[in-house]
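>>> show me the folded form of this:
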Amino acid sequence: MVINSLLFIVVFAGINTYIGWNIYLFLTQYFEEVSLIWLGLVITIIALGYGIGRIKWLGHAGRFIKVLGSFYFALLEFFIIVLPIADLAGWISHMAGVESAVYIPVIGWLVAGLLVLFLVAGSYNAWSPIVRQHEISVRKKSPEGQSETYRIAVASDIHLGNIVGNRHLGRLVSIMNEMKPDLILLAGDVLDDSIEPFLRNKMSEGMKKLKAQHGVYAVLGNHEYYGGHIDQYVEEMGLLGIQVLQDETVTTAGGALQIAGRKDLTAEKTDPKRRLPVAELLAPLDHEQPIILLDHQPYAFEKAAEAGADLLLCGHTHRGQFAPNHWITKRLFELDWGYMLKDKMHVIVSSGFGSWGPPIRIASRSEVIQIELKLEG
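Numbers count the residues shown, from 1 in each chain. This is a model prediction of the structure:
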């Protein structure tokens, strides 16, 4: 662990030094004196901003630094991809005899233009949610006197915090309520770590506007565990009429729907009680009736199918959030986004409604899932 940590520090420092040096070369084309020390200090603070901003006594300044650090995650990846190409173009120009005073500004402004496009397109994808619709059928009967079709609204990875706030939450409430859903399910990571912004900005006022005939249910994600305020969060959600299922099951819609909510996989390392095996969680349920399983991280589909789940809802991946990370998530997970049929179990993995770190999405969109569930027993 020590060796890996040291290696990470060295690589991270090297990458940021490389980025800083390119910025320095560009700035010196327009300013006679650019202090490497001050430039390095500014880049270091921003690069470490996400961690520095978590220091509580920094207050408002800390929150601002954390936001800058969040955006830097996107900038870092952008520069890692673009700067080597830009430097190669610079080297070719130099070998061709072009003066540095000519090619450095040209290449620099091209990189800046690409960065603006990256931020504008990424911001649009993050703040302009779309609705993805799925129609699925389960071969189980609805109890006598109950509907055979149910509309379910699903959102995961809202990440309410210092960046995703009441405005984006308002979009979620408006989209979901316009669906007139029978059921609303929140598949983890409602919070972006700390509960403090949720309380400070009174986000409960927005959450309590979510309306569904048969209730609103949620499960924990890894970020609720990271924040360390699970008991308080569960209590706050309970006051809003939203039940957070922690290895628990409920039956609703007049007995037509059974909902099982698992603790997040993070509980295996942080919760003394760990979490129940999925087979043990679903065993007491009536397997003649449909079973909906909420599990934040999309792992072990086969075990969930064998345990009797008819519909598995997950999030967590964000589909990489910005390209080319989606190439990685596609290989890490059996399904990192979208729909699949695993044996007889329907699986839907959402790319999420909010964003972690910067509100930037490339090759992914902020989304709400609308499911038309039909029982065909």
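>>> buried residues in stretch 306-314?
307-314 (16 or more other Cβ atoms under 10 Å). Backbone N, C-alpha and C define where each C-beta goes, glycine included.
>>> helices - which of those land there?
residue 307 (DSSP state H).
>>> the chain: strands as residue ranges?
130-138, 149-155, 183-186, 216-219, 242-245, 248-252, 257-261, 291-294, 311-314, 338-342, 345-349, 367-375 (DSSP state E).
>>> CA atoms of the last one as CSV?
Taking Å, rounded to 0.1, in the frame of the first residue of the first chain, the C-alpha atoms of strand 367-375 are listed here in CSV:
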residue,chain,number,x,y,z
GLU,A,367,-31.1,10.7,-16.9
VAL,A,368,-34.2,9.6,-15.2
ILE,A,369,-35.5,6.1,-15.9
GLN,A,370,-39.2,5.4,-16.7
ILE,A,371,-40.3,1.8,-16.5
GLU,A,372,-43.6,0.4,-17.6
LEU,A,373,-43.8,-2.9,-15.7
LYS,A,374,-46.5,-5.3,-17.0
LEU,A,375,-47.5,-8.4,-15.1
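>>> which outside residues touch that strand?
Contact with strand 367-375 is made by 129-138, 140-142, 148-155, 172, 175-176, 179, 181, 256, 290, 311, 313, 348, 350-353, as judged by Cβ atoms under 8 Å, 6 or more residues apart in numbering.
>>> just the buried ones from these?
Buried among those (16+ other Cβ under 10 Å): 129, 132, 134, 138, 140, 142, 150-155, 172, 175-176, 179, 181, 256, 290, 311, 313, 348, 350-353.
>>> look up phi and psi at residue 228.
Per-residue torsions, residue 228: phi 80, psi 20 (degrees, to the nearest 10).
>>> ok, it - how many residues close by?
By other Cβ atoms under 10 Å, 13 other residues sit near residue 228.
>>> got it, and residue 333?
The tally of other residues near residue 333 (other Cβ under 10 Å) stands at 18.
>>> that one and residue 300 touch, don't they?
No. In terms of Cβ atoms under 8 Å, residue 333 does not count as a neighbour of residue 300; the distance is 10.8 Å.
>>> could I get the strands of the chain as a markdown table with distance to residue 273 and mean pLDDT?
Formatted as a markdown table, the strands of the chain follow (distance: least, Cβ to Cβ, whole Å; pLDDT from 0 to 100):
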| stretch | distance to residue 273 | mean pLDDT |
| --- | --- | --- |
| strand 130-138 | 31 | 97 |
| strand 149-155 | 27 | 97 |
| strand 183-186 | 22 | 98 |
| strand 216-219 | 16 | 98 |
| strand 242-245 | 15 | 98 |
| strand 248-252 | 13 | 96 |
| strand 257-261 | 15 | 97 |
| strand 291-294 | 18 | 98 |
| strand 311-314 | 22 | 98 |
| strand 338-342 | 28 | 97 |
| strand 345-349 | 26 | 98 |
| strand 367-375 | 30 | 97 |
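>>> quick one: closest of the ones you listed to residue 47.
Closest of the strands of the chain to residue 47 is strand 367-375, at 30.2 Å (criterion: Cβ to Cβ).
>>> got the angle between that closest one and strand 345-349?
Here strand 367-375 points in a direction 170 degrees away from that of strand 345-349 (axes from the mean of the first three to the mean of the last three Cα atoms, to 10 degrees).
>>> show me where this structure has helices.
2-27, 36-47, 49-52, 59-95, 100-127, 166-179, 196-200, 204-207, 222-227, 230-239, 267-270, 278-282, 301-307, 325-332.
>>> and the helix or strand of the chain with the lowest mean pLDDT, what does it pack onto?
Ranked by mean pLDDT, DSSP states H and E, the weakest helix or strand in the chain is helix 49-52, scoring a mean of 89. Helix 49-52 is packed against helix 59-95, with contacts defined by 3 or more Cβ pairs under 8 Å, 6 or more residues apart in numbering; DSSP states H and E.
>>> buried sites along the helix it packs on?
Neighbour-count burial for helix 59-95 [16+ other Cβ under 10 Å]: 62-63, 65-79, 82-83, 86, 90, 93.
>>> what's that helix packed up against?
Where contact means 3+ Cβ pairs under 8 Å, 6+ apart, helix 59-95 is packed against helix 2-27, helix 36-47, helix 49-52, helix 100-127.
>>> report the buried residues of the shortest one.
Buried positions in helix 49-52, judged by neighbour count with 16+ other Cβ under 10 Å: 49-50, 52.
>>> ok, now the first one?
Along helix 2-27, these residues count as buried under the neighbour rule (16+ other Cβ under 10 Å): 16, 19-20, 22-23, 25-26.
>>> residue 352 contacts residue 154, doesn't it?
No. Counting by Cβ under 8 Å, residue 352 stays clear of residue 154, with 10.8 Å between them.
>>> still on that earlier bit, nearest to residue 249, out of the helices of the chain?
Here helix 278-282 is closest among the helices of the chain (Cβ to Cβ), at 7.0 Å.
>>> good, wrapping up.
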